[in-house]
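Colleague: For reference, the sequence and a predicted model appear below.
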Amino acid sequence: MTRCGAVFLVMAGLFATPDVARCQPASGSMRKEVIASGVLMAPVGAFHRALPTIGGGGGFHALFARRARPVAFGVDGQLLFYSPPDHQDEMILTAHGVVRVRRPLDRRRPFVEAIGGIKGFSAEGSSRVGTYSYGAGAGIQFPVGRSKIAGPGEREVYEIGVRYLRGGGAHLDAQHIASSTHTITVHVGWGLEF
């Protein structure tokens, strides 16, 4: 997949988020949210030595929780681009499960979360392009009132967060190998709660 094609898919996901959210059946006992984010990634440790650059891209997460309960469960995915030394751009695709604890009803909602899943690398000609990934994060959400985009019973949500993710070794491209793929990511997102 080319970089332009991948960016198109991420942008399509950003604009489709409200439509996806509205297709879900309403439930009085469940709170749901779908948020699309822009993401910056900084490699740490051995990953930084093999990849001394900052990557970026986009992602989404969907969370589900009982109303008025502080714990939410869900999924998170990201598509990130990075430029290995002396090589064309490569991609990382992540897929994680998320457990988040937060204040469910406040106007400002600080949260902490635990994350676990996989990172896949777009390296060609490599026998090891994926690895495990796990870590923790924290941030804050800002639910706001209804807008023209939000439908009945929906609210817009803005979110800022940071995560530290540990990862196993992987091929960054055909020539570069990192013994670990630890990262710090920062995301800024927008979505709907319903």
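Modeller: Arrived safely.
Colleague: chain center to stretch 72-90, what's the gap?
Modeller: 10 Å (C-alpha atoms, centre = their mean, to the nearest Å).
Colleague: Let me see the ranges of the helices in the chain.
Modeller: 3-22, 46-50 (DSSP state H).
Colleague: Mean confidence (pLDDT) on the longest one, please.
Modeller: Meaning helix 3-22. Averaging pLDDT along helix 3-22 yields 43.
Colleague: before we move on, what about stretch 46-58?
Modeller: The average pLDDT for stretch 46-58 rounds to 91.
Colleague: Buried ones in it, by neighbour count?
Modeller: Going by neighbour count (16 or more other C-beta atoms under 10 Å), the buried part of stretch 46-58 is 47-48, 50-51, 55, 57-58. Every C-beta, even on glycine, is put in place using the N, C-alpha and C of the backbone.
Colleague: now do stretch 95-102
Modeller: Neighbour-count burial for stretch 95-102 [16+ other C-beta under 10 Å]: 96, 98, 100, 102.
Colleague: out of those residues, which are inside strands?
Modeller: The strands, defined by DSSP state E, take in 96, 98, 100, 102 from the buried residues of stretch 95-102.
Colleague: among these, which one has the lowest pLDDT?
Modeller: Least confident of these in the model: Arg102, at 90.
Colleague: Count the neighbours of Ala65 for me.
Modeller: By other C-beta atoms under 10 Å, the residues close to Ala65 number 19.
Colleague: shouldn't it be in contact with Met30?
Modeller: Yes: because the distance of 7.2 Å satisfies C-beta atoms under 8 Å, Ala65 is recorded as touching Met30.
Colleague: Flag the shaky bits of this structure, pLDDT-wise.
Modeller: Applying pLDDT under 70 to the chain picks out residues 1-28, 85-88, 104-106, 123-128, 146-152, 173-174.
Colleague: related to what we said a few turns ago, which one of the buried residues of stretch 95-102 is nearest to Ile115?
Modeller: Taking C-beta to C-beta as the measure, Ile115 lies nearest His96 of the buried residues of stretch 95-102, at 4.7 Å.
Colleague: show me the residues around the closest one that make contact.
Modeller: Under the criterion of C-beta atoms under 8 Å, 6 or more residues apart in numbering, the neighbours of His96 are 75-77, 115-118, 133.
Colleague: filter those residues to the buried ones?
Modeller: Neighbour counting by 16+ other C-beta under 10 Å classes 76, 115, 117, 133 among these as buried.
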